[in-house]
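Novice: here are the coordinates; sequence isn't available:
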């Protein structure tokens, strides 16, 4: 048993011995007073540095009756080639109104949007190296509703659909 | 020690569970075409405290005076305001109080003064939400009723009944 173990250990030891791959020296050494030049180069490899973006939009939202402000902000992170940018625009389906879903839109609730059209983001926005580890930056989008907008209308479910559109802008050639 | 550690790890695992506000992601790269995604905003029918927000008021006069001998109908005006569920309406009824078909005289006067009640005595709103809807019941005393009654102060009560009904 001892002999067997010693043989096995010897084999393991031998297999751990590495044969050096003789290659050109990666380092240059200066031993006498003189000057040398080291070239530092960052190589862009499109296969290894893929462009990406992620825009996170809010989930469907229910608001209480008499709400005066609705937060529908989104966030953006991206890493694109230099010169590119991203535009995010928000539109609503009903002309800045929420329509009654039970009475075929007879009554409406008007709102004033902010942040719908000013979403412009540079080639590098937020942090992260991919969609998976992105830390996006937030862009505020708000629907403001006057208190009086809730008066004089039937109590019902009013609804609108916001569409978030993401477009990549390429630099002019 | 092992039991304590397993309990601690279980707690950590449970606490890490969170309710996620499911959001949608739009992802792409530098060559992606324009992309869109939707979010729906909808209202509830209760306020932020979960309270019913339906309401109504019917405003009517506490007293209506008829000059002696007037035979023209006198308005008993009332106003309706309501904000109800979309499928509800407000019904207002005006009637002579039970057992008071005619106006009664003051103490010691057993005579009565007959009158008619007409006009908007049964109103159902046409919309769930109405504001300042003016209606009027009318009270009229005929000439022969005036002629038959001793001069006195006669009075009676009208009953206003308000109900929420289905459209």
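Specialist: In hand now; what should we look at? Small disclaimer: the values here were computed from a predicted structure and weren't measured.

Novice: near chain A, which residues of chain B show up?
Specialist: Proximity of chain B to chain A is confined to B:21-32, B:34-48, B:53-54, B:83-87, B:127-129, B:131 under the rule C-beta under 8 Å from any C-beta of the partner chain. Where you see a C-beta, it was placed from the backbone N, CA and C, and this is true even at glycine.

Novice: just for the chain, where's the confidence low?
Specialist: Just so you know, I chose chain A. Scanning chain A for pLDDT under 70 picks out A:16-49, A:172-173.

Novice: I was after chain B.
Specialist: Within chain B, the segments meeting pLDDT under 70 span B:10-22.

Novice: ok, now which ones touch residue B:133?
Specialist: Residues near residue B:133 by C-beta atoms under 8 Å, 6 or more residues apart in numbering or on different chains: B:79-81, B:125.

Novice: List only buried entries from those.
Specialist: For the contacts of residue B:133, a neighbour count by 16 or more other C-beta atoms under 10 Å in any protein chain shown gives the buried set as B:80-81, B:125.

Novice: now, which of these lie within strands?
Specialist: Among the buried ones among the contacts of residue B:133, the members found in strands (DSSP state E) are B:80-81.

Novice: closest to residue A:56 among the buried ones among the contacts of residue B:133?
Specialist: Taking C-beta to C-beta as the measure, residue A:56 sits nearest to residue B:81 out of these, at 44.2 Å.

Novice: Now for that closest one: which residues touch it?
Specialist: B:56-59, B:130-133.

Novice: Surely residue B:59 is in contact with residue B:78?
Specialist: Yes: taking C-beta atoms under 8 Å as the definition, residue B:59 is a contact partner of residue B:78 at 6.2 Å.

Novice: Looking at those two, which has the bigger crowd around it?
Specialist: residue B:78 (21 against 12; other C-beta atoms under 10 Å in any protein chain shown).

Novice: So that one sits against residue B:57, correct?
Specialist: No: the criterion here is C-beta under 8 Å, and residue B:78 misses it with residue B:57 at 10.3 Å.

Novice: on that earlier part again, from the contacts of residue B:81, which would you call buried?
Specialist: Buried members of the contacts of residue B:81, scored by 16+ other C-beta under 10 Å, are B:56, B:58, B:130, B:133.

Novice: ok, what's across the strand from the first one?
Specialist: This points to residue B:56. Note on residue B:56: beta-bridge partners by DSSP bridges are residue B:82.

Novice: Nearest to residue A:75 among the buried ones among the contacts of residue B:133?
Specialist: residue B:81 (44.1 Å).

Novice: Quick one: the strands in the chain, in order.
Specialist: You didn't say which chain, so I picked chain A. A:52-57, A:61-63, A:69-71, A:74-79, A:85-92, A:97-100, A:108-110, A:112-114, A:119-122, A:124-125, A:137-139, A:142-144, A:158-169.

Novice: ah, I was thinking of chain B
Specialist: Under DSSP E, chain B gives strands at B:24-28, B:35-43, B:55-59, B:74-83, B:88-96, B:102-104, B:112-114, B:116-119, B:122-124, B:129-140, B:158-166.

Novice: ok now the second one, how far from the chain's centre?
Specialist: Relative to its chain's centre, strand B:35-43 lies at 34 Å (C-alpha atoms, centre = their mean, to the nearest Å).

Novice: What of the first one?
Specialist: When C-alpha coordinates are averaged (C-alpha atoms, centre = their mean), strand B:24-28 and its chain have centres 47 Å apart.

Novice: Then the fifth one?
Specialist: What separates the centre of strand B:88-96 from the centre of its chain is 10 Å, taken as C-alpha atoms, centre = their mean.

Novice: Quick check: buried residues in that strand?
Specialist: By 16+ other C-beta under 10 Å, the buried positions in strand B:88-96 come out as B:88-90, B:92, B:94, B:96.

Novice: That one pairs with which strands?
Specialist: Sheet partners assigned to strand B:88-96 using DSSP bridges are listed as strand B:122-124 (antiparallel), strand B:158-166 (antiparallel).

Novice: picking that back up, with distance to residue A:67 as extra columns, can I get the strands of chain B in CSV?
Specialist: Listed next are the strands of chain B as CSV, based on distance: least, C-beta to C-beta, whole Å:
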stretch, distance to residue A:67
strand B:24-28, 22
strand B:35-43, 8
strand B:55-59, 18
strand B:74-83, 16
strand B:88-96, 22
strand B:102-104, 52
strand B:112-114, 55
strand B:116-119, 41
strand B:122-124, 31
strand B:129-140, 18
strand B:158-166, 25
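
Novice: Now do the contacts for the nearest residue to residue A:67 once chain neighbours are set aside.
Specialist: For residue A:67, ignoring the flanking residues on the chain, the nearest one in space by C-beta to C-beta, 6 or more residues apart in numbering or on different chains is residue A:145 at 6.4 Å. For residue A:145, the contact set (C-beta under 8 Å, 6+ apart) comprises A:67-70, A:109-112.

Novice: for those residues, which one is nearest chain B?
Specialist: Comparing the contacts of residue A:145 against chain B with C-beta to the nearest C-beta places residue A:70 closest, at 6.0 Å.
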